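# below is the structure, and that's it, no one-letter string:
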């Protein structure tokens, strides 16, 4: 049996004010083509289908179109669960009506029954488990002791495992942060002030655990517990990622293999580095200039209207960083109680932090003069205010 | 063939800050029971299913539940179109997937094909026509000339009628304001500064036109062009309405009969009238005190904290009116250019308007004194500002 595992579509997401909907439609067309070409038996979507609880109408229309292409046109069942970005009730809409047609939509926790598919070797149970918000797990029968993400998942998984099911092989579709997984910048933390992480051991017993939440494709804890990763790079921290969907194959006894099938974005998301003048006058002839770009400038002086001027060459330049001007040190120089340090020493540390070199005598003199002027003016001001 | 015609559910609506969701669930349970008891062949919902384009999650969950009860549990197909309150794309979600299961959801105008049902006498075509926003009709092929609601509907109906269909009998499910229909206060006008009304003649040729938009059950133009009316009374202007769903029966040749089946609300919505003291001390023993009420007080003097005091007796009192103190006249007395009238005459007209009787000499003197004081003070103020 072939299962296509995907997650974290975040339909309707914007990147620095740019709608990514056309980019999402572009890779979803590849996903549908891959599902058809590989003749998969089911597509599982492990949450964060939309980017927000109340998605825009065009994001709804895109999901509708993709699901109809898979379920109606290609005849491939889809199992889709809500993630922490999704609204449980909105994802669950029409779930009972769509189920017999081969679309399993799960948002809330009131139905934890499996979707069962069969091949020559027997049945495979596909268990849809939407994102478990602790407050909703606590509201379930016997959930009084739930007080965090781990205890919530323990409780809901126990209820899920108690469902009658005769299938020997099983796959869980879930949305959670499993400890040890590597975060990008574009995931929304599950807990305020914490990661909401749970242990991989909670998922013992399933032949494969198809996860969503982390945006880098990766396994956590064991080769059969995996994140498919997001549909697109959703932050410049993901510039080095390669995005894909996972083709999971089951044989007679369970998991046989996993292959990552690459998705090719409409626009890549990259970081370009160098001096302003070089990036402006000598763009890389090999790289598409309309990719979504972050320019990291190594110039030591600020550059006037750098963004606007670079956009004439790179129309989708979205972010600008000055690597030499940004504070990249540890901040150690300014640590401690700065009110006990002399202004001259504080400025010397600041200079070292920003420029990466020691302050010279000329700069020391300029600072001392400026400080004296400010302090004299400050005294005069104070006198006036106190009068 | 039996068709249950309903419309204007407005799920998620609030009335004076009170959520009506439990009231809506209450009458929808009756609707499902009526559909089962009458063994209807199809339920048609003619738009304004939700009260707003982005409905709250609990409104989505209620619609999901009602549709599943009808389509899955009772095996009754449902044809549902978007109204002007609904989001076309959100209503259309999963439409292609649900269709074969017997749920026809139409929001956008790109699919105008009929849903065909058969009985012993042959086929009946049910044409779902979502609310036609002129801008979307104009965007359709050949729609360049569309410039108002009437021309938009003419264009879309021509496209709809050009669809292949062999059924002899037909029913249109639409959402529009047909000229001559009687408005309540709770419909949202289709056009800014206008009614957006269209002629009933546009609908010629259909055996029955199941309309939504107007909240009072009524026929417009002909007995076979009808509004089912809203699920509940959504304004005090509807206090005298009786809400219902319409049971439409087709015989071998077309429309045979229409019956209005009453819905009994969880709380009625009524206007109570009288003096404050009487309403407070002698509530009608026959009428449920927890109905949604508007109290029209006939007292000639303002009553201190009338709302709070009456709510001790009528917990769902939502609105208070002072019929004797409100201006109920034609406003004729104050017409014309009031800047050319003497203050004494203006006040006499105002007194007559508010009290319904002529001003007396005592009141004239009080007003003259007050006016003199104000005018003296006004002069002093002006002098000070100008200095």
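The structure has been received and is ready for your questions. The shown structure was predicted, so the numbers you read here are calculated from the model rather than taken from an experiment.
# for the residue in the stretch 201-350 of chain A positioned nearest to chain B, which non-adjacent residue is spatially closest?
Proximity of the stretch 201-350 of chain A to chain B (C-beta to the nearest C-beta) peaks at residue A:231, 19.2 Å away. In this view, the C-beta of every residue, glycine as well, is placed from N, C-alpha and C. Leaving aside its sequence neighbours, residue A:231 sits nearest to residue A:9 (C-beta to C-beta, 6 or more residues apart in numbering or on different chains; 4.8 Å).
# hang on, the earlier thing: wait, the residue of the stretch 201-350 of chain A closest to chain B sits on residue A:241?
No - under the criterion of C-beta atoms under 8 Å, residue A:231 is not in contact with residue A:241, lying 11.4 Å apart.
# who has more neighbours out of the two?
residue A:231 (29 against 18; other C-beta atoms under 10 Å in any protein chain shown).
# distance of the more buried one from residue A:62?
To residue A:62, residue A:231 is 11 Å away according to C-beta to C-beta, to the nearest Å.
# name the residues contacting each of these two.
A:24, A:28 (C-beta atoms under 8 Å, 6 or more residues apart in numbering or on different chains).
# so which residues of the stretch 201-350 of chain A form helices?
Using DSSP state H, counting those that start in this stretch, the helices of the stretch 201-350 of chain A run over A:276-281, A:306-311, A:343-355.
# and the ones you listed as TSV, adding mean neighbour count and distance to chain B?
Output for the helices of the stretch 201-350 of chain A, formatted as TSV (neighbours: other C-beta atoms under 10 Å in any protein chain shown; distance: least, C-beta to the nearest C-beta, whole Å):
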stretch	mean neighbour count	distance to chain B
helix A:276-281	16	41
helix A:306-311	15	32
helix A:343-355	15	47
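# ok so, going back, is it true that the residue nearest to residue A:231 lies in a helix?
No - under DSSP: H, G, I helix; E, B strand; the rest coil, residue A:9 falls outside any helix and is assigned coil.
# where does chain A have low pLDDT?
The model of chain A has pLDDT under 70 over residues A:192-194, A:325-338, A:378-387.
# rerun at 50
A:328-334, A:381-387 (pLDDT under 50).
# what does it have sitting close to chain B?
With the criterion set to C-beta under 8 Å from any C-beta of the partner chain, chain A comes near chain B through A:53-54, A:57-58, A:60-61, A:63-64, A:67-68, A:71-72, A:87-90, A:92-98, A:100-101, A:103, A:108.
# thinking again about what came up before, which residues touch the residue nearest to residue A:231?
A:24, A:28, A:45, A:48-50, A:63, A:230-231.
# same question, residue A:106
A:79-82, A:91-92, A:95, A:128-130.
# domains in chain A, by residue range?
A:2-262, A:269-322, A:332-386 (automatic domain parsing).
# go through those and pick out the most buried.
Most buried of the domains of chain A by mean neighbour count (mean count of other C-beta atoms under 10 Å in any protein chain shown) is domain A:2-262; its value is a mean of 20.
# and it, end to end?
Terminal residues of domain A:2-262 lie 17 Å apart, using C-alpha to C-alpha, to the nearest Å.
# just give me how far that domain sits from the chain centre.
13 Å (C-alpha atoms, centre = their mean, to the nearest Å).
# and of the domains of chain A, who's closest to residue B:289?
Closest approach to residue B:289 among those is made by domain A:2-262 (33.2 Å; C-beta to C-beta).
# could I get the contacting residues of residue A:97?
B:67-68, B:71-72, B:94, B:98, B:101, B:103.
# need phi/psi at residue A:289.
Phi and psi for residue A:289, reported as degrees, to the nearest 10, are phi -70, psi -20.
# please name the nearest non-neighbouring residue to it.
Nearest to residue A:289 is residue A:314, by C-beta to C-beta, 6+ apart, at 5.3 Å.
# likewise residue A:59?
residue A:12 (3.3 Å).
# hang on, that neighbour packs against residue A:50?
Yes - the pair residue A:12 and residue A:50 passes the contact test of C-beta under 8 Å, sitting 5.8 Å apart.
# what touches both of these two?
residue A:59.
# residue A:185 belongs to a helix?
No - read with three-state DSSP, residue A:185 is coil and lies in no helix.
# and residue A:145, how far from chain B?
27 Å (C-beta to the nearest C-beta, to the nearest Å).
# check contacts around that residue.
Counted by C-beta under 8 Å, 6+ apart, residue A:145 has contacts A:151, A:155.
# in three-state terms, label it for me.
Here residue A:145 is coil, with the state taken from three-state DSSP.
# give me phi/psi at it?
phi -80, psi -10.
# same question, residue A:285
Backbone torsions for residue A:285, taken as degrees, to the nearest 10, come to phi -70, psi -20.
# leaving out the residues flanking it, which one is nearest to residue A:69?
Per C-beta to C-beta, 6+ apart, closest to residue A:69 is residue A:32, 5.0 Å.
# equivalent analysis for residue A:180, please.
residue A:220 (5.2 Å).
# what's the spacing between that neighbour and residue A:199?
10 Å.
# overlap in contacts, the two.
With C-beta under 8 Å, 6+ apart, residue A:220 and residue A:199 have common neighbours A:178-179.
# distance of the residue lying closest to residue A:299 once chain neighbours are set aside from residue A:293?
Counting by C-beta to C-beta, 6+ apart, residue A:299 lies nearest to residue A:276, which is 5.1 Å off, once chain neighbours are set aside. Residue A:276 sits 14 Å away from residue A:293, taking C-beta to C-beta as the criterion.
# and if you look at residue A:167?
When C-beta to C-beta is the yardstick, residue A:167 and residue A:293 sit 48 Å from each other.
# check contacts around residue A:56.
By C-beta under 8 Å, 6+ apart, residue A:56 lies in contact with residue A:12.
# and it, backbone torsions?
In terms of degrees, to the nearest 10, the main-chain angles of residue A:56 are phi -70, psi 160.
# helices of the stretch 1-150 of chain A, residue ranges please.
Using DSSP H, counting those that start in this stretch, helices in the stretch 1-150 of chain A cover A:21-37, A:57-68, A:88-92, A:95-99, A:134-138, A:149-161.
# among the ones you listed, which is nearest residue B:40?
Judged by C-beta to C-beta, the one of the helices of the stretch 1-150 of chain A that comes nearest to residue B:40 is helix A:95-99, at 17.8 Å.
# where exactly do the strands run in the stretch 251-387 of chain A?
A:255-262, A:269-274, A:292-297, A:317-322 (DSSP state E, counting those that start in this stretch).
# residue B:173: which of these is closest?
That would be, of the strands of the stretch 251-387 of chain A and by C-beta to C-beta, strand A:255-262, which comes in at 43.5 Å.
# would you mind pulling up the elements that the closest one packs against?
With contacts taken as 3 or more C-beta pairs under 8 Å, 6 or more residues apart in numbering or on different chains; DSSP states H and E, strand A:255-262 sits against strand A:222-227, strand A:244-250.
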